[in-house]
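Engineer: build me a model:
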Amino acid sequence: MNLKGRNFLTLKDFTPEEITYMIDLAADLKAKKKAGELHEYYRGKNIALIFEKTSTRTRCSFEVAAHDLGMGSTYLDPTGSQIGKKESIADTARVLGRMYEGIEYRGFGQDIVEELAKHAGVPVWNGLTNEYHPTQMLADMLTVREHFGKLKGLKLVYMGDARYNMGNSLMVVCSKLGLDFVACTNKKYFPNDELVAQCQQWAEEAGSTITLTEDVEAGTKDADIIYTDVWVSMGEPDEVWTERIHDLTPYKVTRHVMENAGEKAIFLHCLPAFHDLKTKIGKEMGERGGLRRDPVRIGREERGFVFPGEEREVIERPVKRLHQVKCRAPQHREPEGGMHVLGRTSRMNHGDFGTGLRDEKGFVENHALRAGRLSAFHIGHDPPQGVSRHHGGAVIDKSRPEIRHNARAVDFREPVKFIHPCHASAPKAFILN
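Structural biologist: Numbering: from 1, shown residues only. Okay, the predicted model is just below:
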């Protein structure tokens, strides 16, 4: 399947087969990273990351994904760009499109990312708008499939404000992939009628259903996935908190909700989450509502039993997003070079380790290094000007399997997943825990 050059603005633009292909590709890239296999398919390419709304998980996902794929990235925060202020969106798109191979946008209206895509001339990816959050959906579906072994036929219930990006996007992806979707909330917070009608049509084709209900008991009964998000979206005024807390408190995720769903149910949250009073905003909302003794009501949802408990997918799922981001890279080609990872070593603790490297200038014998002194390792040929030393690691030349015995790793203070060379000319060397 060829998706080269396609924008990624909303999953409404993709067929069920194309969405499944992206999930499959992300799973494959995740497996490669776990196995320590290089997948730098896009060396020499660069992407721009425009963040009008700041983020932890989305920014890290895009930057790590770009690095793993061999790309450079430029982060533009709200103060680092003139988009929409001194320079029009169209002009910004035209300039960046001539400097980068792709552009990510995270911000406000869907119309902004669509205008970027119209004028950029390179693929544009939606990292979040008020209306849609497609990269989040791919990560969620990968998580659900890994947990249940399937997607089609599962029941996903979204509780809270279903009018914006999360409610909209979950309804779209469920209707495309054959999951039964339930928006369980006050009717004031149902998705808009036009989108519901479109998703009902897709759901009928996929053999699934779309349900809007105010009944918590019926809505969450026998659910496979309970999903929620903050009750106030980024950029909305603080004043709406009081109204949302009043309207949506009956739709918080409680122990009873999870028990009603059943033992098989998992809990998902796109994060960040105000599940206690340990954050600045959480504390402010708790004090404003006079709810200091009941953190579950600080504008949110889940009792403390959910986050610290066994529902660890809440934390693990955001990590999967970086693999989904990779599958939307500008093109796909095989990695270059003859070096590959030697293999897993034992867990490394404090001590010395030896390395064996082979590069274009000859094999380097074992070297011993003290923990924390990786930068002192020299691979055996003159380093580039301005670079005094290279990082080293255990690799093996595909054409010389006999040198395998020369690469060894023993104790090291902390588990190390990747040790990257500090200069591009060094061999691609890794040590895996």
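Engineer: helices of the stretch 101-250 of the chain, start to end?
Structural biologist: 110-120, 134-148, 165-177, 193-206, 216-220, 240-248 (DSSP state H, counting those that start in this stretch).
Engineer: low-scoring stretches of the stretch 201-350 of the chain, by residue?
Structural biologist: Applying pLDDT under 70 to the predicted model, the residue ranges of the stretch 201-350 of the chain that meet it are 233-235, 272-276, 281-282, 284-350.
Engineer: contacting residues around the nearest residue to Arg106 once chain neighbours are set aside?
Structural biologist: Excluding its sequence neighbours, the residue lying closest to Arg106 (Cβ to Cβ, 6 or more residues apart in numbering) is Gly127, at 3.5 Å. Heads up, the C-betas are built off the backbone N, CA and C, glycines and all. Listed by Cβ atoms under 8 Å, 6 or more residues apart in numbering, the contact partners of Gly127 are 49, 51, 55, 58, 62, 104-106, 135.
Engineer: scan the chain for its longest helix.
Structural biologist: For the chain, the helix that runs over the most residues, judged by DSSP state H, is helix 16-35.
Engineer: relative to helix 165-177, how tilted is that one?
Structural biologist: Taking axes from the mean of the first three to the mean of the last three Cα atoms, to 10 degrees, helix 16-35 and helix 165-177 form an angle of 110 degrees between their directions.
Engineer: helices or strands up against helix 16-35?
Structural biologist: helix 134-148, helix 165-177, helix 313-326 (3 or more Cβ pairs under 8 Å, 6 or more residues apart in numbering; DSSP states H and E).
Engineer: what angle do the shortest one and helix 110-120 make?
Structural biologist: What separates the directions of helix 165-177 and helix 110-120 is an angle of 70 degrees, with the same axes, to 10 degrees.
Engineer: which helices and strands does helix 165-177 pack with?
Structural biologist: Under the contact definition 3+ Cβ pairs under 8 Å, 6+ apart, helix 165-177 sits against helix 16-35, helix 134-148, strand 155-159, strand 180-184, helix 193-206, strand 210-213.
Engineer: still on that earlier bit, return the most buried member of the helices of the stretch 101-250 of the chain.
Structural biologist: When neighbours are counted by mean count of other Cβ atoms under 10 Å, the highest per-stretch mean among the helices of the stretch 101-250 of the chain falls to helix 165-177, a mean of 26.
Engineer: from what I see, Ala66 and Ala48 are in contact.
Structural biologist: No. Taking contacts as Cβ atoms under 8 Å, Ala66 lies outside contact range of Ala48: 10.4 Å.
Engineer: overlap in contacts, these two.
Structural biologist: Both Ala66 and Ala48 are contacted by Ser73, under the criterion Cβ under 8 Å, 6+ apart.
Engineer: how near is Asp193 to Lys187?
Structural biologist: Counting by Cβ to Cβ, to the nearest Å, the gap from Asp193 to Lys187 is 12 Å.
Engineer: go on, Thr249?
Structural biologist: Relative to Lys187, Thr249 is positioned 15 Å away (criterion: Cβ to Cβ).
Engineer: tell me which of these two has more neighbours.
Structural biologist: Applying other Cβ atoms under 10 Å to Thr249 and Lys187 shows that Thr249 carries more neighbours, namely 18 against 10.
Engineer: thinking again about what came up before, quick check: the farthest pair among the contacts of Gly127?
Structural biologist: Among the contacts of Gly127, the pair separated by the greatest distance (Cβ to Cβ) is Phe51 and Thr135, at 13.3 Å.
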